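# Build me a model from this:
(2 chains)
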Amino acid sequence: NAGVTQTPKFRILKIGQSMTLQCTQDMNHNYMYWYRQDPGMGLKLIYYSVGAGITDKGEVPNGYNVSRSTTEDFPLRLELAAPSQTSVYFCASILSLGNTEAFFGQGTRLTVV
Amino acid sequence: GEDVEQSLFLSVREGDSSVINCTYTDSSSTYLYWYKQEPGAGLQLLTYIFSNMDMKQDQRLTVLLNKKDKHLSLRIADTQTGDSAIYFCAEETGGFKTIFGAGTRLFVKA
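Sure, this is the predicted structure:
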């Protein structure tokens, strides 16, 4: 099993550009999450999904969109990149709530200039 | 609102014990977690504790939970240079969310 795979690993965007961060998991997990990690700020939840076709906003959803057309994929879309979106983005998935491990991708380091 | 707080840095000598502390606000948390993040990598689960437990031991790791004070700690015995990393405390709140602290960067001096 590959676990949680995120692409790309690094990206530099200009202000106003758009991009999609890809996230795929092969563990048949229902729950998937997108977090951003800013220095000294911890992980903030952007969006999450409890199953295919179901998504919901987290703590910091503004400027982002998601979709969940399949169990495996949970892409994160930035429509109009802003410098405030410079961060490291992590995708995670879990099988179920409770004492189960969350599997994290390697992260995408995004810089908006 | 929900919040998890940790100190940002800890420095210890190799062989000493490390204690990383965390406070959380949601009294309905069911599980509390410790994750480790090594440079350039994602987070990996180290250990977890259910909210009705006071202590959990797992080899060199000891987790203490004081539910009254909403205080969680992670003790690493015989700390090694390979333990240098960022350690995240997290609480699973009601619903589907897991809230993470800012992470404690552990430096281990040889």
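# Give me every residue in chain A lying close to chain B.
A:4, A:31, A:33, A:35, A:40-43, A:45, A:48, A:50, A:56, A:58, A:90, A:92, A:97-99, A:101-102, A:104-107 (Cβ under 8 Å from any Cβ of the partner chain). Using the backbone N, CA and C atoms, a C-beta is placed for each residue, glycine as well.
# Please indicate which of those residues are buried?
A:4, A:31, A:33, A:35, A:42-43, A:45, A:48, A:58, A:90, A:92, A:97, A:102, A:104-107 (16 or more other Cβ atoms under 10 Å in any protein chain shown).
# Name all residues that make contact with B:Gln6.
A:Gly42, B:Ile20, B:Asn21, B:Cys22, B:Thr23, B:Tyr87, B:Phe88, B:Cys89, B:Gly101, B:Ala102, B:Gly103, B:Thr104 (Cβ atoms under 8 Å, 6 or more residues apart in numbering or on different chains).
# Name the weakest-confidence residue in these, if you would.
Lowest in pLDDT among the contacts of B:Gln6 is A:Gly42, which has 75.
# ok, now which ones touch it?
B:Val4, B:Gln6, B:Phe88, B:Phe100, B:Gly101, B:Ala102, B:Gly103.
# Just the buried residues of the residues you listed.
So, by 16+ other Cβ under 10 Å, the buried ones in the contacts of A:Gly42 are B:Val4, B:Gln6, B:Phe88, B:Phe100, B:Gly101, B:Ala102, B:Gly103.
# give me the beta-bridge partners of the residue at minimal distance from the centre of chain A?
The centre of chain A sits closest to A:Trp34, judged by Cα atoms, centre = their mean, with a distance of 3.0 Å. For A:Trp34, the beta-bridge partners under DSSP bridges are A:Tyr47, A:Cys91.
# Direction included, what does the least confident helix or strand in chain B by mean pLDDT pair against?
Using mean pLDDT, DSSP states H and E, strand B:98-100 stands out as the lowest-scoring helix or strand of chain B, at a mean of 82. With DSSP bridges as the test, strand B:98-100 is paired with strand B:85-92 (antiparallel).
# which residues touch B:Asp54?
Taking Cβ under 8 Å, 6+ apart as the test, what B:Asp54 contacts is B:Leu64, B:Leu65, B:Asn66.
# one step back: TSV please, covering the contacts of B:Gln6 and showing distance to A:Pro75.
Output for the contacts of B:Gln6, formatted as TSV (distance: Cβ to Cβ, whole Å):
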residue	distance to A:Pro75
A:Gly42	24
B:Ile20	34
B:Asn21	37
B:Cys22	32
B:Thr23	35
B:Tyr87	30
B:Phe88	24
B:Cys89	29
B:Gly101	27
B:Ala102	27
B:Gly103	26
B:Thr104	31
